[in-house]
Structures are given as structure tokens and as C-alpha cells.
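K.L.:
Following is a predicted model, sequence given first.
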Amino acid sequence: MPAELIDGAGIAREIRRRLTDDVAKLAARGVQPGLTVILVGDDQASAAYVRSKGKASEEVGIASSTIRLPAATEQVELLRQVDELNTDPAVHGILVQMPLPKQIDPDVMLVSPAVWPKDPVEADYLHAGRTLGIATIGCPNSCDDLTSRGTAHVLPDMFLAWNEALAQEASDIHDIPAGTIRITGAPHLDPFFALRPRSSRADVCARLGRPDAPYVVFLGSPSTIWEDDSFMVKGLSDALAREFGVGAPALIVIPHQSGQPASSQEYFDQLAHATCVFGLNTPAFLDAVVANRPCLTIVNETYWPAQGRTGHFRHLLKGKFLEVCRTMDDVAGRVRRIMDGADERAADRRAFARWFIRPCGLDTPASEIVASVIETAARPNAEGAPMSTVARRHGVPGLSLASEGIRL
């Protein structure tokens with residue numbers, strides 16, 4: 001394969017242009033992204049790097065601030081500062097600038113997403129952690145990381161997986177040793193599990209500029225899976241009109257990620273009061289499962305290439321919570337049945353949540369399990385690493401492939 005000369009500066013400009021657009025969309029919804037950098041000591045190279053990050057952030061519209069701490073700062077004070085920033089709603093990203101003074105000695109390094117398609121930057125951190133004797137933990141970000149995002153170039157000491165199916169992928173596809181995998185559940189969905197509807201359907205419809213009436217939520221797919229949802233939206237809208245006539249339920253379209261409301265509560269309320277949701281191949285189905293709404297999809301020769309080639313869609317089918325239709329008219333007919341009170345997949349949604357999202361228990365937040373794994377990994381290397389009540393209760397946290405009876 002011949003070498004390809006790339007325009008690094010041009011690529012950087014395009015990335016910044018896209019970031020500027022994304023930040024502007026967030027600002028229009030009342031969200032001002034904020035980055036805070038913590039700089040410990042007076043290393044001149046680090047200070048220059050921090051200044052450049054602040055300038056780059058401001059150029060794309062991200063609010064940037066820097067906290068400067070003296071070189072003699074102890075680890076407990078640095079951790080206190082990070083905890084304080086974690087509770088600040090104006091801060092969306094925290095960067096602790098490296099290198100740190102010698103008295104600040106990390107016990108565990110959490111690397112995410114732990115798989116990389118092209119440039120394995122995080123691999124350098126894993127190599128450094130091993131050299132310094134720091135325990136390392138790999139943590140995928142989403143349910144499709146292991147099948148569509150890249151490969152694990154360097155093996156961490158421990159690898160987190162949401163569930164049995166993803167643990168199997170980690171072992172089969174990436175050669176992650178089974179004994180290092182801990183099954184924790186999906187921590188990013190914990191806040192969604194904690195939500196309850198705060199608005200009535202009438203309030204949700206009023207905010208959308210519509211009368212109080214039944215509606216269906218269309219969940220957009222990532223552009224890497226299906227580039228343009230518009231003709232599918234029109235197809236479903238036309239099918240609903242044919243099925244219901246003038247009394248057709250409204251179709252509320254939520255594009256993937258960037259189209260979600262600024263507030264998680266607002267998004268949850270939209271899902272919770274929907275008659276049902278429809279999507280092609282989207283991780284937002286997991287949100288709908290947590291909100292306990294019927295989930296419809298369409299599978300035929302037109303759409304299967306965007307579904308069958310992805311490992312995570314096979315997990316959704318295996319969960320049996322999706323109502324699979326062949327045509328848009330079939331979808332509209334299912335919507336009518338649901339409006340008439342049918343919900344044959346309610347038990348399957350609950351079972352899927354137990355299997356795929358919270359395998360350690362529906363009432364056990366996955367973030368608690370992840371925190372326990374981190375604390376457990378820290379124990380051999382840190383006398384001063386306190387064990388939380390949660391970690392003590394869990395003992396050896398999470399589930400393993402062996403405990404799930406999986407044979408490798």
C-alpha cells in the first residue's frame with residue numbers, strides 16, 4: 001500500500017471547525033462547555049502547554065480556566081480540588097497536567113476507551129503505568145467499542161465490561177485474559193436510572209409546541225451507521241397517517257446525541273411519556289429501556305446492512321425487547337396495538353436491563369461497582385487508599401467470566 005501524505009494542519013482546522021459548531025449548538029440550548037486545568041508546580045513546558053490548551057478552548061467557544069497549585073501540594077489536596085470541580089455544574093472537563101511532583105503518587109490509572117482505531121495514544125499511558133508499577137484498568141465507553149472502534153494494543157492489568165456478552169467480545173476479539181475482566185454494568189446510565197418524570201405529558205407537549213396528545217419518539221442513529229434519517233422519518237410519518245388518518249400520533253424526532261435536549265430530565269420526560277420509541281440501530285434504545293417504553297425497529301434488506309454488520313445490534317436482538325417490523329406500515333400497526341394497551345415486551349425489557357445494563361443487580365448502580373474495582377486495584381499499591389463502605393460490602397466487586405459460567 002503506497003504511503004499517503006496527509007495535511008495535518010488542514011485536518012486540525014476541520015476538527016476545530018466541527019468543534020466550534022458543536023459548542024455553538026450546545027450554547028444555543030443554554031449549555032456553556034467549561035474546561036478547568038489543574039497545574040501543580042512551575043514546570044515551564046507544562047505551563048506553555050496549558051496556555052495553548054486554554055487558547056485552543058477559547059477559539060472554539062469553550063470556557064477555560066486554570067487552577068495553579070504550588071509544587072509542594074500534597075496528594076490529598078489535589079484530590080480535594082478534583083472532587084470540588086466534579087461537583088461544579090459549570091465544569092464539564094478536568095485536565096490534571098502532567099508531570100506531577102514526586103509526592104503525588106497515583107495508585108491506579110483508568111484508561112478509556114482502551115481500544116483505538118488508528119492512533120493508540122492511551123497505549124503510551126499503559127506502558128508508562130506498567131513501568132512505574134501503577135495498576136492499570138481499561139474501560140470501554142460504549143456497547144459498540146469492542147466491535148467497531150478499534151483494537152486493544154496494550155493489555156491493562158484489569159479490563160471492565162458492562163456485561164457477559166461484552167466480556168466475551170473482549171476475550172474473543174481482543175485476547176483480553178478472562179481472569180482480568182470484571183463485569184460491572186453500564187455506569188453512564190446510572191443517572192438515567194435515578195430519574196423519574198417531573199413533567200406531565202401535557203407539559204412535554206406544550207414545550208414542543210404541540211397539543212396534549214399521544215406521540216412517538218424517533219431515535220436517530222449515529223451517522224456512522226446511517227447517514228441520513230430524513231427519508232425514514234418521512235416514511236414512518238406517512239405510514240402513521242395511513243394507519244390513523246387525521247388522528248395520527250405526532251412523531252417527535254431526536255437526532256443522535258447532538259439533538260438530545262440540554263437537560264437529561266427533559267430527555268427522560270420525553271421518553272417516559274411517549275407511546276413508544278422507534279429507531280434503526282442506536283444506543284439510545286438503552287435509554288428507552290431504562291425509561292421503560294416499548295421499542296420498535298424495522299429489519300429488512302434495505303436496513304440490515306446498517307444493523308447486521310454491528311455486533312451491538314445483535315445484542316439488542318438477543319435481548320428480545322425490540323418489536324421487529326418488516327415495513328413502515330407494520331410499524332404503524334404496532335403503534336396502534338400499543339395505543340390500545342398492548343405491551344408484550346414489557347417483561348423482556350426488564351430482563352434485558354438485568355442482563356445487559358445492570359447484571360450486578362437492577363438496584364445496584366454500576367458506578368458503585370466500578371468504584372469498588374478501582375479501589376480493589378489500588379489496595380496492593382497504596383496503604384493510604386481507604387476502602388469505601390460500598391467496596392467493603394462488595395468484597396471482590398463485579399462479576400467475572402468464571403462466575404457467569406462462561407467457558408473459554
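P.N.:
Structure received. All of these numbers come straight from a predicted model, not from anything done at the bench. Residues are numbered from 1 along each chain as shown.

K.L.:
for the strand or helix carrying residue 125, packing partners?
P.N.:
Using DSSP states H and E, residue 125 maps to helix 121-132. Here helix 121-132 touches strand 108-111, strand 135-138, going by 3 or more CB pairs under 8 Å, 6 or more residues apart in numbering; DSSP states H and E. No exception for glycine: its C-beta is placed from N, CA and C like everyone else's.

K.L.:
Residue 164: how many residues sit nearby?
P.N.:
Neighbour count of residue 164, defined by other CB atoms under 10 Å: 18.

K.L.:
pretty sure it contacts residue 359?
P.N.:
Yes - counting by CB atoms under 8 Å, residue 359 is a contact partner of residue 164 at 6.6 Å.

K.L.:
Helix or strand: which one has the closest residue in space to residue 138 that isn't next to it in sequence?
P.N.:
Nearest residue to residue 138, sequence neighbours excluded (CB to CB, 6 or more residues apart in numbering): residue 114, at 3.3 Å. Using DSSP H and E, residue 114 sits in no helix or strand.

K.L.:
Kindly state the pLDDT recorded for residue 114?
P.N.:
Residue 114 is assigned 70 on the pLDDT scale.

K.L.:
And residue 380, by the same measure?
P.N.:
So residue 380 comes in at 53 (pLDDT).

K.L.:
How about the one 10 residues further on?
P.N.:
We note a pLDDT of 45 for residue 390 in this prediction.

K.L.:
and the helix ranked longest in the chain, which residues are buried?
P.N.:
In the chain, with assignment by DSSP state H, the single longest helix is helix 8-28. Using 16 or more other CB atoms under 10 Å as the test for burial, helix 8-28 gives 19, 23, 26.

K.L.:
Excluding chain neighbours, what is closest to the first one?
P.N.:
Spatially, and ignoring its direct neighbours in sequence, residue 19 is nearest to residue 60 (4.4 Å; CB to CB, 6+ apart).

K.L.:
how close does the one you found get to residue 21?
P.N.:
9 Å (CB to CB, to the nearest Å).

K.L.:
next one: residue 39
P.N.:
From residue 39 to residue 21 the distance is 29 Å (CB to CB).

K.L.:
dump the residue contacts of residue 70.
P.N.:
By CB atoms under 8 Å, 6 or more residues apart in numbering, the contact set of residue 70 is 40-41.

K.L.:
Give me whichever of the helices and strands packed on helix 121-132 is most buried.
P.N.:
strand 135-138 (a mean of 24; mean count of other CB atoms under 10 Å).

K.L.:
Leaving out the residues flanking it, which one is nearest to residue 90?
P.N.:
Using CB to CB, 6+ apart, the closest residue to residue 90 is residue 34 (4.9 Å).

K.L.:
so what pLDDT did residue 303 get?
P.N.:
For residue 303, pLDDT reads 86.

K.L.:
Measure how buried it is and give me the count.
P.N.:
By other CB under 10 Å, neighbour count at residue 303 equals 17.

K.L.:
what's the answer for the one 3 residues further on, then?
P.N.:
Residues contacting residue 306 under the criterion other CB under 10 Å number 17.

K.L.:
and it, which of the three is it?
P.N.:
helix (DSSP: H, G, I helix; E, B strand; the rest coil).

K.L.:
In contact with it, which residues?
P.N.:
Applying CB under 8 Å, 6+ apart, the residues near residue 306 are 221, 225-226, 280-281.

K.L.:
what about residue 124, neighbour count?
P.N.:
Residue 124 has 11 nearby residues by other CB under 10 Å.

K.L.:
meant to ask about residue 294
P.N.:
24.

K.L.:
Would you agree it is in contact with residue 323?
P.N.:
Yes - with contact defined as CB under 8 Å, residue 294 counts as touching residue 323 (6.4 Å).

K.L.:
Identify the contacts common to the two.
P.N.:
Shared contacts of residue 294 and residue 323, counting by CB under 8 Å, 6+ apart, come down to residue 345.

K.L.:
How far off centre is the helix holding residue 125?
P.N.:
Distance of helix 121-132 from its chain centroid, counting by CA atoms, centre = their mean, to the nearest Å, is 24 Å.

K.L.:
now swap in stretch 87-104 and tell me
P.N.:
21 Å.

K.L.:
still on that earlier bit, is it possible to get TSV of the contacts of residue 306 that adds neighbour count and distance to residue 299?
P.N.:
Formatted as TSV, the contacts of residue 306 follow (neighbours: other CB atoms under 10 Å; distance: CB to CB, whole Å):
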residue	neighbour count	distance to residue 299
221	22	13
225	22	14
226	19	13
280	21	9
281	23	10
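
K.L.:
Let me have these in TSV, extended by secondary structure.
P.N.:
Formatted as TSV, those follow (three-state DSSP):
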residue	secondary structure
221	coil
225	coil
226	coil
280	coil
281	coil
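
K.L.:
Check those against residue 337 and report the nearest one.
P.N.:
The shortest approach to residue 337 among the contacts of residue 306 belongs to residue 280, at 20.6 Å (CB to CB).

K.L.:
How about the closest one: what's its closest non-neighbour residue?
P.N.:
residue 221 (4.7 Å).

K.L.:
list the contacts for that neighbour?
P.N.:
Residue 221 touches 229, 256, 279-282, 306, counting by CB under 8 Å, 6+ apart.

K.L.:
in terms of contact, does residue 367 touch residue 192 like I think?
P.N.:
No - Residue 367 lies out of contact with residue 192 (CB under 8 Å); the separation is 11.8 Å.

K.L.:
and the gap between residue 72 and residue 102?
P.N.:
Residue 72 is 11 Å from residue 102, by CB to CB.

K.L.:
Helices of the stretch 201-350 of the chain, start to end?
P.N.:
For the stretch 201-350 of the chain, the helices defined by DSSP state H, counting those that start in this stretch cover 201-207, 230-244, 264-272, 284-290, 305-308, 311-318, 328-339, 346-352.

K.L.:
CSV for those helices, including distance to residue 216?
P.N.:
Formatted as CSV, the helices of the stretch 201-350 of the chain follow (distance: least, CB to CB, whole Å):
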stretch, distance to residue 216
helix 201-207, 13
helix 230-244, 7
helix 264-272, 11
helix 284-290, 11
helix 305-308, 20
helix 311-318, 19
helix 328-339, 6
helix 346-352, 17
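
K.L.:
Least confident of those helices, on average?
P.N.:
helix 305-308 (a mean of 81).
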